[in-house]
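> Structure for the following, please:
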Amino acid sequence: MSWTRWFRDVSADDVGLVGGKNASLGEMLRELVPLGERVLEAMRRGGLVRGEKGLEVYVMAEIPSNILLAERFARIFDGFSIGSNDLTQLTLGVDRDSTTVAPLFDERNEAVKWSCAHLVEAAHAAGRKAGICGQAPSDFPDFAAFLVERGIDSISLNPDALVRTTLRVLEMEKRYEQKGLLA
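Numbers count the residues shown, from 1 in each chain. Next up, the predicted model:
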């Protein structure tokens with residue numbers, strides 16, 4: 001008997017062996033990509049066809065499984081938009097609205113940054129784009145700088161952070177261009 005089980009091979013029938021949470025995770029991971037395919041099929045039936053008239057379909061990358069399965073999602077969608085608020089909350093297991101654990105909520109946490117960097121890398125490797133919509137780049141210029149270093153394609157910002165962060169991004173891009181790191 002093997003003591004290693006891949007999540008793709010774990011189902012609700014394995015609760016006694018792997019526990020309820022792991023069995024649920026296996027079921028969820030197996031269903032996510034087919035769910036994306038079903039969404040695209042429903043769009044087609046409604047007259048929205050990916051690629052026609054410039055229509056691109058992006059997936060909101062807000063849950064760790066979007067990151068872990070980025071290569072598979074890249075085969076279905078044209079790009080990714082990182083939802084940094086939810087991704088941080090679910091990666092760290094903390095509710096940012098809870099007075100008890102909210103101080104632990106930090107988009108600059110190494111696990112969150114790794115997730116963002118991995119997604120950008122996976123998206124680009126598949127010829128897809130990756131952007132971010134969330135609070136982090138607006139609140140933390142160093143986080144925006146980190147994303148630029150990783151090659152993020154787009155960053156959405158709050159109005160109060162637009163000028164400050166855009167100037168920082170332009171400065172970084174100019175430096176990278178001078179070093180030959182940007183095309």
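> which regions of this structure lie under the pLDDT threshold?
Applying pLDDT under 70 to the chain flags residues 1-8, 18, 20-25, 28-30, 32-33, 182-183.
> now the residue minimising distance to the centre of the chain, which residues is it bridged with?
Residue closest to the mean C-alpha point of the chain, counted by C-alpha atoms, centre = their mean, is residue 61 at 3.3 Å. With DSSP bridges as the criterion, residue 61 is bridged to residue 82.
> can you pull the contacts of it?
67, 70, 73, 80, 81, 82, 83, 87, 119, 130 (C-beta atoms under 8 Å, 6 or more residues apart in numbering). Backbone N, C-alpha and C define where each C-beta goes, glycine included.
> how about a cut-off of 6 Å?
80, 82, 119 (C-beta atoms under 6 Å, 6 or more residues apart in numbering).
> What of residue 36?
residue 76.
> ok, now how distant is it from residue 47?
19 Å (C-beta to C-beta, to the nearest Å).
> do you know how far the residue nearest to the centre of the chain is from residue 176?
Counting by C-beta to C-beta - residue 61 and residue 176 are separated by 24 Å.
> Can you get me the start-to-end distance on stretch 156-169?
Start-to-end span of stretch 156-169 (C-alpha to C-alpha, to the nearest Å) is 12 Å.
> Sketch out the helices for this structure, chain order is fine.
In the chain, the helices defined using DSSP state H lie at 15-18, 20-45, 64-68, 70-74, 84-92, 110-125, 136-139, 141-150, 162-178.
> Show me the one of those that comes nearest residue 57.
helix 20-45 (6.6 Å; C-beta to C-beta).
> so which of the contacts of residue 61 comes closest to residue 98?
Nearest member of these to residue 98, counting by C-beta to C-beta, is residue 82, at 22.5 Å.
> Quick check: the closest one touching residue 133?
No - applying C-beta atoms under 6 Å, one finds residue 82 not in contact with residue 133, separated by 7.3 Å.
> These two - which one has more neighbours?
residue 82 (28 against 17; other C-beta atoms under 10 Å).
> re earlier: can you list the helices of the chain in JSON lines and add distance to residue 102?
Formatted as JSON lines, these follow (distance: least, C-beta to C-beta, whole Å):
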{"stretch": "helix 15-18", "distance to residue 102": "32"}
{"stretch": "helix 20-45", "distance to residue 102": "24"}
{"stretch": "helix 64-68", "distance to residue 102": "20"}
{"stretch": "helix 70-74", "distance to residue 102": "28"}
{"stretch": "helix 84-92", "distance to residue 102": "10"}
{"stretch": "helix 110-125", "distance to residue 102": "15"}
{"stretch": "helix 136-139", "distance to residue 102": "14"}
{"stretch": "helix 141-150", "distance to residue 102": "18"}
{"stretch": "helix 162-178", "distance to residue 102": "23"}
